[in-house]
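Peer 1: Build me a model:
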Amino acid sequence: GAAAAAAATGAEGGAAAEPLVRIGHGYDIHRMADNGNKLTIGGVVVPFELGVEAHSDGDVVYHSIVDAILGSLSTQEDIGTIFPDNDPNWAGADSSVFMEEAYRRMVERGYRLGNCDVTLILQKPKVKDYKPLMRDNIVRLLRTTSDRVNVKARTHEKVDSVGECRALECHVVLTLERL
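Peer 2: Presented below is the predicted three-dimensional model:
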């Protein structure tokens, strides 16, 4: 009866218990331009003739991870509501600040990173040599271990704005585990 229903839903006394695992997906895209801005990806400044058009440093990896964490927590917030792109306080901001805030909210809710899978999509530059540094930065900021973070990159086969080197994008899927 009622006890079995409560056990099945995680409800206790009418209140839902936090799930053991939460899943989040994050996505970001930024235009690339010859505008004097740096190309920061996963906290690494990657040498390239183009930078990103963005209010902050435009780090698509960090932005995607932040949105994945917020989404997994079902906060009804995203990076743009917490760090609006019309707020001068965030102009040129280092996106590690956004990662720190997402981490704080994750821990405050009683979770840690279970797994983080990053897919970076860009035609150029090649980032093979920078992926280990990106992973190390994510591991450090989310206070986890390297076996819980994967960073992969692919081209867009010269198709659309990403393939024409006018943009870069990132998808992140992650799990959070209850502490």
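Peer 1: residues contacting residue 28?
Peer 2: Remark: with contacts taken as C-beta atoms under 8 Å, 6 or more residues apart in numbering, residue 28 is in contact with 60, 63-64, 67, 169-170. C-beta coordinates here come from the backbone N, C-alpha and C atoms, glycine included.
Peer 1: and the host helix or strand of it, which strands flank it?
Peer 2: Secondary structure here is read from DSSP states H and E; on that basis residue 28 sits in strand 21-33. Each strand that strand 21-33 pairs with, and the sense of that pairing, follows from DSSP bridges: strand 51-52 (antiparallel), strand 167-178 (antiparallel).
Peer 1: and the first one, average pLDDT?
Peer 2: In this case it means strand 51-52. The average pLDDT for strand 51-52 rounds to 96.
Peer 1: Need the pLDDT of residue 107.
Peer 2: Looking at residue 107, its pLDDT stands at 98.
Peer 1: Can you tell me the SS state at it?
Peer 2: On the three-state scheme (DSSP: H, G, I helix; E, B strand; the rest coil), residue 107 is labelled helix.
Peer 1: Now the residue nearest the centre of the chain. Nearest residue, chain neighbours left out?
Peer 2: When C-alpha atoms, centre = their mean is applied to the chain, the residue found nearest the centroid is residue 65 (1.2 Å). Residue nearest to residue 65 in three dimensions, not counting chain neighbours: residue 172, with 5.1 Å by C-beta to C-beta, 6 or more residues apart in numbering.
Peer 1: Quick check: buried residues in stretch 58-75?
Peer 2: Within stretch 58-75, the residues that count as buried by 16 or more other C-beta atoms under 10 Å are 58-73.
Peer 1: ok, the residues you listed vs residue 91, which is closest?
Peer 2: Relative to residue 91, the closest of these is residue 58; by C-beta to C-beta it sits at 11.6 Å.
Peer 1: I'd like to know how many residues surround the nearest residue to that closest one once chain neighbours are set aside.
Peer 2: By the measure of C-beta to C-beta, 6+ apart, the closest residue to residue 58 outside its immediate chain neighbours is residue 52, 3.5 Å from it. Under the neighbour criterion other C-beta atoms under 10 Å, residue 52 is assigned a count of 23.
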